[in-house]
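K.L.:
Any chance you can model this:
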Amino acid sequence: MCFTSSESSSKMNGRSIRINRVPATIFAILLTIVLVYFLNFHQEERPAIYGKLRSDNPNRVNLRKMLIAAIQASQRGGLEVLDVARSRQLKERSKGQTDEGVNDPFTDADGRSHCVMKQGLQRIFPRVRIFSEEDKEHCKESHSYDLDPTVLHETAQVPDVSVNAQDVTVWVDPLDATKEFTEELYEYVTTMVCVAVAGRPVIGVIHSPFNGQTAWAWVGNSMSEYLAGLHPPHGQENELPIITVSRSHTAGAKDLARGIFGEQVNLLTAAGAGYKVLQVVANNATAYLHTSKIKKWDICAGDAILHALGGTMTTLSDQLIRYGPDESPVNTEGLLATLEKHDKYMDQLAKYRTAHNGQLT
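P.N.:
Numbers count the residues shown, from 1 in each chain. Got it, this is the predicted structure:
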């Protein structure tokens with residue numbers, strides 16, 4: 001018996017059974033395609049179960065990547081600040097005066113740091129709202145960088161967590177303490193990035209360009225080794241609180257601090273909101289007090305870092321500060337920032353307010 005190339009046969013009970021190979025081959029191919037699709041489909045769905053992320057959804061933001069980008073942005077902005085300082089070509093001009101009548105300067109370092117920080121972040125996270133102190137500044141060049149996970153230390157606990165992009169707001173301060181920068185009081189100068197989710201700060205980065213140290217924290221997850229080393233495990237108990245206030249507009253804060261804590265209260269005058277928060281973290285101050293309005297890019301990173309360490313930052317009305325995209329960029333109600341005894345200090349402030357007919361100044 002002869003067979004064609006597409007057929008085979010066998011005998012059973014004297015009968016010949018013919019099997020056509022073409023349909024069988026097609027069936028096997030289709031079955032393989034179905035199995036591959038099924039396996040790949042479930043492999044893509046597994047991240048939702050195992051905590052890993054799909055990277056193809058533009059409406060989601062990976063907070064681990066956001067942390068890495070925030071650290072890099074702060075450090076790269078810091079390099080621009082250093083470069084301008086070394087060149088001594090500040091190109092200083094005035095943006096006007098603050099409410100306290102103090103000159104509000106702008107330098108080439110502010111502009112260059114802003115462009116590097118904001119454009120770098122915006123390229124990686126195009127659907128995230130990013131607010132910078134220098135948003136009015138026009139950036140001529142397009143700045144970008146690739147994510148570098150080595151900015152995290154090896155023991156950092158930074159899981160892959162995704163959130164909706166519309167819930168994320170980023171606050172950028174390209175150069176905190178510009179006035180002091182022009183005076184070469186470099187210890188006060190920082191570059192800062194804060195990531196808020198649903199209005200609450202969850203990632204804070206404070207980079208000090210002139211000592212090269214970066215304090216960062218992700219609430220509930222991890223913090224930089226520098227920040228962990230800066231914060232003493234057991235803070236010293238001070239007989240009288242040490243209150244850090246701004247050197248640029250100290251009169252109201254000093255008077256309020258003395259009214260609340262007594263004439264013998266210790267006052268630490270300093271510049272830069274980021275620097276003052278780090279003084280609280282290091283237990284060089286027990287509280288940071290600010291009595292006038294302040295921009296949210298100045299305080300958001302410090303708020304996140306304090307929260308990560310178990311501390312608190314509120315308005316002087318004891319309200320948490322919101323950092324959502326629809327919130328005002330200005331906090332008009334002052335602030336009190338502490339690591340401990342926040343409720344006690346707020347009670348003392350409330351008593352002072354009552355004794356002064358609800359007024360704080």
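K.L.:
And the nearest residue to residue 93 once chain neighbours are set aside, its phi and psi?
P.N.:
Ranked by Cβ to Cβ, 6 or more residues apart in numbering and with sequence neighbours excluded, the top spatial neighbour of residue 93 is residue 106, at 5.5 Å. The C-beta positions use only the backbone N, C-alpha and C, and glycine is treated the same way. Residue 106 adopts backbone torsions of phi -130, psi 140, taken as degrees, to the nearest 10.
K.L.:
Also residue 58?
P.N.:
The phi and psi values for residue 58, taken as degrees, to the nearest 10, are phi -70, psi -10.
K.L.:
A strand includes residue 360, no?
P.N.:
No - secondary structure of residue 360 (DSSP: H, G, I helix; E, B strand; the rest coil): coil, not part of a strand.
K.L.:
my guess is it contacts residue 352, does it?
P.N.:
Yes - using Cβ atoms under 8 Å, residue 360 is in contact with residue 352, at 7.3 Å.
K.L.:
Please report how far the closest residue in space to residue 320 that isn't next to it in sequence lies from residue 118.
P.N.:
Spatial nearest neighbour of residue 320, chain neighbours left out: residue 314 (5.9 Å); criterion: Cβ to Cβ, 6+ apart. Residue 314 is 28 Å from residue 118, where distance means Cβ to Cβ, to the nearest Å.
K.L.:
of the two, who's got more company?
P.N.:
Under the neighbour definition other Cβ atoms under 10 Å, residue 314 and residue 118 were set side by side, and residue 118 has more, 25 against 18.
K.L.:
For that one, give its distance to residue 128.
P.N.:
Distance from residue 118 to residue 128, by Cβ to Cβ: 11 Å.
K.L.:
now residue 241
P.N.:
38 Å.
K.L.:
Of the two, which one has the most company?
P.N.:
Counting neighbours by other Cβ under 10 Å for residue 241 and for residue 128 shows that residue 241 has the greater number, 21 against 18.
K.L.:
Which parts of the stretch 251-361 of the chain are helices?
P.N.:
With DSSP state H, counting those that start in this stretch as the criterion, the stretch 251-361 of the chain has helices at 251-261, 273-281, 296-308, 342-355.
K.L.:
So for residue 181, which of these sits nearest?
P.N.:
The minimum distance between residue 181 and those falls on helix 273-281, with 11.8 Å, by Cβ to Cβ.
K.L.:
Please state the mean pLDDT value computed over the closest one.
P.N.:
Confidence over helix 273-281 (mean pLDDT, whole number) is 98.
K.L.:
how about that helix as CSV, C-alpha atoms only?
P.N.:
Backbone C-alpha positions of helix 273-281 (Å, rounded to 0.1, in the frame of the first residue of the first chain) are rendered in CSV as follows:
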residue,chain,number,x,y,z
ALA,A,273,13.6,75.5,56.3
GLY,A,274,15.5,72.3,55.3
TYR,A,275,18.4,73.2,57.5
LYS,A,276,16.2,73.9,60.5
VAL,A,277,14.3,70.6,60.1
LEU,A,278,17.7,68.8,60.1
GLN,A,279,18.6,70.7,63.4
VAL,A,280,15.4,69.1,64.9
VAL,A,281,16.4,65.7,63.5
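K.L.:
Tell me how many other residues crowd the residue nearest to residue 93.
P.N.:
Residue 106: 21 surrounding residues under other Cβ under 10 Å.
K.L.:
swap in residue 165?
P.N.:
By other Cβ under 10 Å, 16 other residues sit near residue 165.
K.L.:
Not counting its neighbours along the chain, what's nearest it?
P.N.:
residue 127 (4.2 Å).
K.L.:
Name all residues that make contact with that neighbour.
P.N.:
If a contact means Cβ atoms under 8 Å, 6 or more residues apart in numbering, then residue 127 has 58, 59, 61, 165, 166 as its contacts.
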